[in-house]
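Colleague: next input, structure requested:
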Amino acid sequence: MHSIRIQLLAFITAVLLIFLVMLNIYPITSARDLIFEEKKNALSGQASVVASSLSGLDRLSPESVSEVLQLLDLGGYSRTVVTSAEGVVLYDDSSAGGERTDIADILSSLDGKCVFRSHFSERVFSSSYAMPVTRRGATIGAVYLCEEDPERAAVISDIQSRLLRFSAAIGAVALLFAALFSTVLLQRMRELVRSIRIVAGGDYAHRLATRGRDEITELGDEFNQLTARLEDTEKQRRRFVSDASHELKTPLASIRLLSDSIVQNDSMDGETMREFAADIGHEAERLQRTTEKLLDLSRLDDGVQIIPEPVDIKQTVIDALAVLRPLAAEKDVKLRAELDDGCVVMANTDDMFHIVFNLIENAIKYNVPEGSVTVKAHTEDEHVVLSVSDTGIGIPEEDRLNIFARFYRVDKARSRASGGSGLGLSIVHDAVLAHGGTIAVGQNKPQGSVFVVSFPRPTSEETGI
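Modeller: Model prediction:
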C-alpha cells in the first residue's frame, strides 16, 4: 500500500512540476519575445531613417554625419555609431556611458546585411541594430544603434518573481490535496482488501460499506454482488451435501438393515428371504439412480464441452415412450404424442434423451389413475418447442420457482414413495440451458402441469440436412 501511495504522489508531483515549469517559462518567454520583436521593429525603423538621411550626402564625414544626426535629434539610445565604408568611425555618441560596440555586427552591415541583437538580464533589455548606408546600390557606410531598457526588464523580472511565488503556493496546496486524496483513496482500498480477506476466511455474509459514485464504489458493489453469490452458492452447496448425504444414506441404511436381518435370522424361510433380497435390489437400484443423477449434475456443472449433432426430437420422444410404456401401464396412465416432422436440434443425443425421459417419467409418476400424458413437438418461428403436459396432482404456484432446485420436492412423502430423488428436473433444467434452450412450467387446465422446452432451430448448414 505504501508503494502505491508513493507512486501516486510521485506521479502527481511530476505532473505538477511540468505544469509549474510551463507556467513560469511560457509567459515570460512570450513576453520577452514580444518585446524583442517590438525592439527590432523600432530600431529597424529608426536605423532606416538615419541610413536614408545619410545616403543623401555627397560624402560621409564626421561633420556632415554629426549635422544630420543633430537634425534628426535621436533620443533614448545609449549609443549611436556611424562608420564609413572602410569601417572608420565617423560618429560615436557615447554620452550615456554607452555599451560595447559589436564590431562583428558593423562589419556584417558593411557587407550589406542588417543585424539585430537583443539580450535580457534581470536589470535591463539590451538591444542593437546594425544597417548599411547605401547610395545607388553601393555601401558607403554603416549605422549602429544601441538601446537599454531597464524599465521593461524590471516589469518582466517582477512578473517572474510573482509567478514563482504563485507557483510555490499552488504546488504546496496541490501536494497537500494530493496527500489527502491518496490517504482517502488508499483507506478505501484497505477497506476493500480487508473485506476480501474476511470473505476469504469463510464469512460470506460480510458486505463492504460503499459510498460515492466512482470506480472504487463500483468495484465495491461488484464485490458485494460476488459475495452474495458466493453466500448463495455456499448455502446451496451445504444444502446439496446434506440432501445428497440423506438420499444416499437412506437406501444404504435400508440395505444394511435388510442384510443384517437375513444374516441374524437363522430360521428365516425362503419366501421371506427372497422378499428381503428383492427389497435390497430395489434399494440398490434407487442408490444407483441417485448416484447416476449426481454424476450427470456434476458433469453439467463442470461445463464439459458438448459436441452437438443433429437430434430428431420426434424420434427421441418415440424412444422414450417405448421405454416408459410399462411404467404408464402400471400407473394406469395413457400416453399421447403429437409430433411434427422436422423438429431437429443441435445437441448431445444422450442429454436430449434424458430431458425427454425425465419429463415424461415425472408426468407419469405424479399423475392420477386413468390420467393422461400428452407430448407435443413442433416448430415455431426460429425455435423447436417440446411440451409435456399431464393431468396429475399439479404444482402449487408457490413451488414453481423452486421446482428446478436440486433435491426439491413438492410432496416429499409421495416423491420418496415413487422413488424420486428430487434431481430429475435439476438435470433437465441444466441440460436445457447447456444446449442454449429455455424451460418453463405452468398449469395444465383443468388440472395437472405442463413443461415447455424451447431450443434454437438450427440452419440447414448446421444440420447438413
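
Colleague: all strands for the chain, in order.
Modeller: Counting by DSSP state E, residue ranges of the strands within the chain are 79-84, 89-93, 115-120, 125-135, 138-149, 309-312, 333-339, 344-347, 371-380, 383-390, 438-443, 449-456.

Colleague: reformat those strands as a markdown table; add mean neighbour count.
Modeller: All C-beta spots, glycine's among them, are computed from the backbone N, C-alpha and C. Listed next are these as a markdown table, based on neighbours: other Cβ atoms under 10 Å:
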| stretch | mean neighbour count |
| --- | --- |
| strand 79-84 | 22 |
| strand 89-93 | 17 |
| strand 115-120 | 17 |
| strand 125-135 | 23 |
| strand 138-149 | 22 |
| strand 309-312 | 18 |
| strand 333-339 | 16 |
| strand 344-347 | 23 |
| strand 371-380 | 19 |
| strand 383-390 | 22 |
| strand 438-443 | 15 |
| strand 449-456 | 21 |
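
Colleague: check what pLDDT Ser95 gets.
Modeller: Residue-level confidence at Ser95 comes out at 49, pLDDT.

Colleague: begin at 35, not 1, for the rest of this chat.
Modeller: In the new numbering, first residue 35, that becomes Ser129.

Colleague: I'd say Ser201 and Asn58 touch.
Modeller: Yes: the criterion here is Cβ atoms under 8 Å, and Ser201 meets it with Asn58 at 5.9 Å.

Colleague: can you list the buried residues in stretch 41-48?
Modeller: Leu42, Ile46 (16 or more other Cβ atoms under 10 Å).

Colleague: so which of the strands of the chain gets nearest Arg66?
Modeller: strand 149-154 (5.5 Å; Cβ to Cβ).

Colleague: and the angle for the closest one with strand 159-169?
Modeller: 170 degrees (axes from the mean of the first three to the mean of the last three Cα atoms, to 10 degrees).

Colleague: let me see the mean pLDDT of strand 149-154.
Modeller: Averaged over strand 149-154, pLDDT sits at 88.

Colleague: and it, what does it pack against?
Modeller: With contacts taken as 3 or more Cβ pairs under 8 Å, 6 or more residues apart in numbering; DSSP states H and E, strand 149-154 sits against helix 36-89, helix 137-144, strand 159-169.

Colleague: skip the chain neighbours and tell me the closest residue to His463.
Modeller: Distance criterion Cβ to Cβ, 6 or more residues apart in numbering; nearest residue to His463, sequence neighbours excluded, is Phe438 at 3.9 Å.

Colleague: roughly how far does the one you found sit from Glu432?
Modeller: Distance of Phe438 to Glu432, computed by Cβ to Cβ, to the nearest Å: 15 Å.

Colleague: looking at the two, which has the bigger crowd around it?
Modeller: The residue with more neighbours, out of Phe438 and Glu432, is Phe438; 18 against 8, by other Cβ atoms under 10 Å.

Colleague: give the contact list for that one.
Modeller: Leu459, Ser460, Val462, His463, Ile473 (Cβ atoms under 8 Å, 6 or more residues apart in numbering).

Colleague: what's the closest of those to Val357?
Modeller: Val462 (16.2 Å).

Colleague: contacting residues for that closest one?
Modeller: Contacts for Val462 (Cβ under 8 Å, 6+ apart) come out as His388, Ile389, Asn392, Leu393, Phe438, Ile473, Phe485, Val487.

Colleague: same question, Met307
Modeller: Ile296.

Colleague: quick one: Gln221 from Leu214, how far?
Modeller: According to Cβ to Cβ, Gln221 stands 11 Å off from Leu214.

Colleague: next: Ala81.
Modeller: Ala81 sits 59 Å away from Leu214, going by Cβ to Cβ.

Colleague: who has more neighbours, these two?
Modeller: Shown here are Ala81 and Leu214; by other Cβ under 10 Å, Ala81 has more neighbours (24 against 10).

Colleague: span of stretch 234-253 from start to end?
Modeller: Criterion Cα to Cα, to the nearest Å; first-to-last residue distance in stretch 234-253 is 17 Å.

Colleague: any idea of the mean pLDDT for that stretch?
Modeller: On average, the pLDDT along stretch 234-253 is 81.

Colleague: what sits up against it?
Modeller: Identification of contacts with stretch 234-253 by Cβ under 8 Å, 6+ apart yields 219, 222-223, 225-226, 229, 232-233, 254-255, 257-258, 261-262, 264-265, 268.

Colleague: mind listing what's buried along it?
Modeller: So stretch 234-253, judged by 16+ other Cβ under 10 Å, has buried residues Tyr238, His240, Arg241, Leu242, Thr244.

Colleague: repeat for stretch 202-218
Modeller: Ala208, Ala212, Ser216.

Colleague: just stretch 81-97 next, same as before
Modeller: Ala81, Val84, Ala85, Ser87, Leu88, Ser89, Leu91, Leu94.

Colleague: how about the contacts made by the fifth one?
Modeller: This means Leu88. Counting by Cβ under 8 Å, 6+ apart, Leu88 makes contact with Leu94, Val99, Val102, Val116, Val167, Ile174, Gly175, Val177.

Colleague: skipping adjacent residues, who's closest to the fifth one in space?
Modeller: Beyond its immediate neighbours in the sequence, the residue positioned closest to Val167 (Cβ to Cβ, 6+ apart) is Gly175, lying 4.1 Å away.

Colleague: state the distance from the one you found to Asn401.
Modeller: Gly175 is 126 Å from Asn401, by Cβ to Cβ.

Colleague: next: Ala164.
Modeller: Distance, Ala164 to Asn401, by Cβ to Cβ: 116 Å.

Colleague: ditto for Asp294
Modeller: For Asp294 relative to Asn401 (Cβ to Cβ), the value is 37 Å.

Colleague: so which of those two has more stuff around it?
Modeller: Asn401 (22 against 10).

Colleague: hmm, back to that, which one, of the helices and strands packed on strand 149-154, ends up nearest to Glu309?
Modeller: Glu309 lies closest, by Cβ to Cβ, to one member of these: helix 36-89, at 74.4 Å.

Colleague: just want the angle from that closest one to strand 159-169.
Modeller: 30 degrees.

Colleague: re earlier: widest-spaced pair of the buried residues of stretch 81-97?
Modeller: Spanning the widest gap among the buried residues of stretch 81-97 are Ala81 and Leu91, at 16.3 Å by Cβ to Cβ.

Colleague: follow-up on the earlier one: can you redo the buried residues of stretch 81-97 as TSV with pLDDT and distance to Ala65?
Modeller: Compiled in TSV, these are given as follows (pLDDT from 0 to 100; distance: Cβ to Cβ, whole Å):
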residue	pLDDT	distance to Ala65
Ala81	89	24
Val84	89	29
Ala85	88	30
Ser87	89	33
Leu88	88	34
Ser89	87	36
Leu91	85	40
Leu94	87	39
